[in-house]
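A.B. asks: with the input below, show me the fold.
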Amino acid sequence: MSEAVTGQDQPQQDLYRTPEQEQAAKGAGVPGAYEMDLADINPINAHLFKENRWQEVFERLRAEDPVHLNEIESAGRYWSVTKYADIRQVDSDWQTFSSANGISLGFRVGTEVPGSIFAGSSPFIAQDPPSHDEQRKTVAGVAAPGNLANLEPLIRERTCRVLDSLPVGEAFDWVDNVSIELTTMMLATLFDFPFEDRRKLTRWSDIVFAIPEPGGVVESQKQKQEELLECLEFFSRLWEERKENPGHDLVSMLVHGEATRDLPPAAHLGNLLLLIVGGNDTTRNTMSGSVYALNKFPAEYDKLIANPELIPKMVAEVIRWQTPLPYMRRTATRDCELGGKQIKKDDQVLMWYLSGNRDEDVFENADNLDIERANARQHVSFGFGIHRCMGNRLAELQLRILWEEILPRFEKIEVLEEPERTFSSFVKGYTYMPVKLTRKASA
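C.D. replies: Presented below is the predicted three-dimensional model:
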């Protein structure tokens, strides 16, 4: 989770601006990656992602400085790791590169920002073994093969219902009408959340990583904190209900799990928000990204239409190409060397999955979508090692079913204009994407 749920939230935007806010404030109009000195390149800038111009930044870093140092006042030293092999090395060595200080770029290690309602809490993704393993195991059953097999008919029925409700031949927003709706229904099922309130889950997921800005997802740090407090109160009520009437949902698993049942409320919320974001942002943005990518590479779209058996390969390739979470952070536990650079104890290390998935040493013509790519499943979008995404198979299942039901119904999904994108370097997403459907004659 972000520092918003790990005790490093900042109650006053002007006094406690996050590193990403600090860089975003400086970011509008930043020159291209080849127009500045190498030392001045800072890939954390959220404008690069909102404006979809991050590609040449990582292209240059991979070629010229694959373990790249930046330093700013609020965050201290942080390294951007951009090559596939180096990323896997960091992700597989939790003893040297710890998750315990958070997984997104945060404040200097050892400093605390007062006033957070989540102070002292930490979700299991921001922990190391053994506590990480014990808490993760509590909820791992939701993604077990048997449970996925049980969920598949429900996912398919809902997908069919949503697709059949869409207007044909007129513009509508794919993000809201399809991607958000399908993932939010799935989350409500996994949490046994009140179905009529399911859009609250989307809202809470959005604000966890939102950068406060005028007209943005949230406009102030105060608003962000108040809405997360509402989330805490809502789940606290569910928590008490599931103590008495447990089910087979994620809240019940956490309530009655040996490693999680005695955690304080803020720690429970940290784990719940982790599961909400993991089940919402990643899947929904890849659902939108799949439509966008196949429009951007129409020859691949034609291949898929001609041969629907390519859907599983397409799903893996889209997850590589989209990379819904661009990076994860670790913190060095000791002085060490990586890629010929000297990493100091307490330095932050950002593993840019987005860049590893575009590494030409691993993926030929990596910027292109190739739905027959032989090694697409070697992508690092789900991470590697002990923190590999727990719900990766569920995400793949939802995407596969979506396209299995799209192809018999629609000749094409046409993207009408460039989508609007999330203002964040931690979540690579879409906020609005107008499309138009053409129904298949046989449908």
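A.B. asks: how far away is the spatially closest residue to residue 192 that is not a sequence neighbour from residue 154?
C.D. replies: Counting by C-beta to C-beta, 6 or more residues apart in numbering, residue 249 is the residue found nearest to residue 192 once chain neighbours are left out, at 3.7 Å. C-betas here are computed from N, CA, C, even on glycine. Counting by C-beta to C-beta, to the nearest Å, the gap from residue 249 to residue 154 is 14 Å.
A.B. asks: tell me which of the two has more neighbours.
C.D. replies: residue 249 (19 against 12; other C-beta atoms under 10 Å).
A.B. asks: and the strands in the stretch 101-250 of the chain, which stretches?
C.D. replies: 172-173 (DSSP state E, counting those that start in this stretch).
A.B. asks: show me the shaky parts of it.
C.D. replies: 106-121 (pLDDT under 70).
A.B. asks: which residues of it fall in helices?
C.D. replies: 131-139, 145-164, 174, 181-191, 199-208, 221-244, 250-256 (DSSP state H, counting those that start in this stretch).
A.B. asks: could you dump those into JSON lines with distance to residue 48 added?
C.D. replies: Putting these into JSON lines (distance: least, C-beta to C-beta, whole Å) gives the following:
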{"stretch": "helix 131-139", "distance to residue 48": "31"}
{"stretch": "helix 145-164", "distance to residue 48": "32"}
{"stretch": "helix 174", "distance to residue 48": "23"}
{"stretch": "helix 181-191", "distance to residue 48": "25"}
{"stretch": "helix 199-208", "distance to residue 48": "20"}
{"stretch": "helix 221-244", "distance to residue 48": "22"}
{"stretch": "helix 250-256", "distance to residue 48": "34"}
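A.B. asks: just say which of those helices is most tucked in.
C.D. replies: Most buried of the helices of the stretch 101-250 of the chain by mean neighbour count (mean count of other C-beta atoms under 10 Å) is helix 174; its value is a mean of 25.
A.B. asks: what residues does that helix touch?
C.D. replies: Here helix 174 makes contact (C-beta atoms under 8 Å, 6 or more residues apart in numbering) with 288, 291, 413, 415, 433-435.
A.B. asks: who wins on neighbours among those?
C.D. replies: Within the contacts of helix 174, neighbour counts (other C-beta under 10 Å) peak at residue 288, which reaches 28 neighbours.
A.B. asks: ok now stretch 264-276, how far from the chain's centre?
C.D. replies: Here stretch 264-276 is found 16 Å from its chain centre; the criterion is C-alpha atoms, centre = their mean, to the nearest Å.
A.B. asks: for the residue nearest the centre of the chain, give its distance to residue 103.
C.D. replies: Residue closest to the average C-alpha location in the chain (C-alpha atoms, centre = their mean): residue 325, at 3.7 Å. Distance of residue 325 to residue 103, given as C-beta to C-beta: 9 Å.
A.B. asks: residue 397 should be in a helix, yeah?
C.D. replies: Yes. When DSSP: H, G, I helix; E, B strand; the rest coil is applied, residue 397 is found to be in a helix.
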